[in-house]
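Undergrad: Structure here, sequence nowhere to be found:
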């Protein structure tokens, strides 16, 4: 825009996938303003004193007129690559990174959440199928999510807890958040949030809907990031991921992302209720064993016959024994409310994230990559709690 050379240390298109440092792994950055977070090739959170958004923030607030560092305006594919590279460990080909690409990436964040949740749900289902207890299976699933995000969402949660818990002014709190160590507030917050996630997911798995609840939580966590980047939400400092994506998502795309997320979760839940149960072994979460699955000829409806000598629960005894049955034939524990499981989960997650975001903006003056990571983990925990509480 102004013809000035790029800020020192911001990299070039030859060695990064965006405004990140050299040595990129092909993915555009990750939420979290900690040391080393810029190694994924996105907006480098360590460049806090430099304007990672370029001159677009001054004369072009949404970055629509800025060609980005590759010399061309960003396209939809650049936003998708930025979303995948920023929010997951999956490698992607670097593309143009500007504020318009940042807005698209944050609007597409729930799609990445569905991808992450799907992978973790496969791990959870496989563990349950192999006879692993719901608690241990839930630990494996939550651990998988940490691996798929390089644990940087969790790192952001701990950093934000340390910053807010310090009681220092905004600048000092931001400096505390940039440190590589974790203080007592961060440790306690990590233990509590991870404990809530694992315990709630274990209870949901014991009730038979753990994979669906896990996907809903992952989608909700990334949807919270979408809303945190709405117009009017400032960045806490001029550099890093927060400066690249803050205020880039308009109301329309945010509402569309929310509607599509709810619709997708409703379809997933319906499919799970009507068909996926037959993938489970003839053993429910309470230790009761069932004989081989048999179907009623010509109906597509079947059940597991209970073994003689076992005591049946009138409500939950056949929770894993119905497959491909219409909703009316599902056991009593499968209330019609389960078909709308995503609605309370998304609402609870977004509410919890909104409270935390407002607190962070008041204390820090805006959002950072650490704040976005903390919002994702907080919203996911609240969504899992809602699934369990309203079941």
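TA: Happy to help now that I have it. These numbers come from a predicted model, not from an experiment.
Undergrad: Residue 168 versus residue 149, what's the distance?
TA: 28 Å (CB to CB, to the nearest Å). Yep, even glycine has a C-beta here, placed from its N, CA and C like the rest.
Undergrad: And the two? Which one has more around it.
TA: residue 149 (26 against 14; other CB atoms under 10 Å).
Undergrad: Look up phi and psi at the more buried one.
TA: When read as degrees, to the nearest 10, the backbone of residue 149 gives phi -110, psi 10.
Undergrad: what's near enough to touch it?
TA: Counting by CB atoms under 8 Å, 6 or more residues apart in numbering, residue 149 touches 30, 87, 88, 89, 116.
Undergrad: Sketch out the strands for the protein, chain order is fine.
TA: 290-296, 301-306 (DSSP state E).
Undergrad: Could you list the low-confidence segments of this structure?
TA: Where the chain drops to pLDDT under 70, the residues are 1-71, 274-341, 391.
Undergrad: Would you mind giving the domain segments of it?
TA: Listed domain ranges for the chain are 37-107, 117-275+337-389 (source: automatic domain parsing).
Undergrad: Could you work out the end-to-end span of the longest one for me?
TA: Terminal residues of domain 117-275+337-389 are spaced 20 Å apart (CA to CA, to the nearest Å).
Undergrad: Mind picking the two most distant members of the contacts of residue 149?
TA: Greatest spacing in the contacts of residue 149, by CB to CB: 30 and 116 (12.7 Å).
Undergrad: Which one's more surrounded, these two?
TA: residue 30 (32 against 24).
Undergrad: Show the contacting residues for the nearest residue to residue 87 once chain neighbours are set aside.
TA: Closest residue to residue 87 apart from its sequence neighbours, by CB to CB, 6 or more residues apart in numbering: residue 112 at 4.5 Å. Residues in contact with residue 112 (CB under 8 Å, 6+ apart) are 83, 84, 87, 88, 222.
Undergrad: what's the answer for residue 211, then?
TA: Residue 211 neighbours (CB under 8 Å, 6+ apart): 121, 124, 125, 205, 272, 276.
Undergrad: Just those: which are in helices?
TA: Under the assignment DSSP state H, these contribute 121, 124, 125, 205, 272 to helices.
Undergrad: wait, doesn't residue 375 sit right on residue 356?
TA: Yes - shown here, residue 375 and residue 356 form a contact pair, counting by CB atoms under 8 Å, at 6.1 Å.
Undergrad: more crowded one of those two?
TA: Between residue 375 and residue 356, counting by other CB under 10 Å, residue 375 is the more crowded of the two (31 against 22).
Undergrad: Which residues are in contact with that one?
TA: By CB under 8 Å, 6+ apart, the neighbours of residue 375 are 221, 224, 225, 228, 353, 356, 357.
Undergrad: Report the buried members of the contacts of residue 211.
TA: 121, 124, 125, 205, 272, 276 (16 or more other CB atoms under 10 Å).
Undergrad: Quick check: phi and psi on the residue lying closest to residue 234 once chain neighbours are set aside?
TA: Once flanking residues are discounted, residue 234 sits nearest to residue 366: 3.8 Å by CB to CB, 6+ apart. With angles defined as degrees, to the nearest 10, residue 366 sits at phi 160, psi -160.
Undergrad: How much space separates residue 366 from residue 93?
TA: Taken as CB to CB, the span from residue 366 to residue 93 is 31 Å.
Undergrad: Of those two, give the one with the bigger neighbour count.
TA: Ranked by neighbour count (other CB under 10 Å), residue 366 and residue 93 place residue 366 first, with 18 against 12.
Undergrad: Next, find the distance separating residue 231 from residue 113.
TA: From residue 231 to residue 113 the distance is 22 Å (CB to CB).
Undergrad: quick one: which of these two has more around it?
TA: Legend: neighbour count by other CB under 10 Å for residue 231 and residue 113, higher for residue 113 (30 against 14).
Undergrad: Contacts only, for that one.
TA: Counted by CB under 8 Å, 6+ apart, residue 113 has contacts 87, 218, 219, 220, 221, 222, 223.
Undergrad: Which neighbours do residue 30 and residue 116 have in common?
TA: With CB under 8 Å, 6+ apart, residue 30 and residue 116 have common neighbours 87, 149.
Undergrad: So residue 217 sits against residue 345, correct?
TA: Yes - Residue 217 lies in contact with residue 345 (CB under 8 Å); the separation is 6.7 Å.
Undergrad: Which one's more surrounded, the two?
TA: residue 217 (33 against 29).
Undergrad: Next one: the more buried one from residue 135, what distance?
TA: 17 Å.
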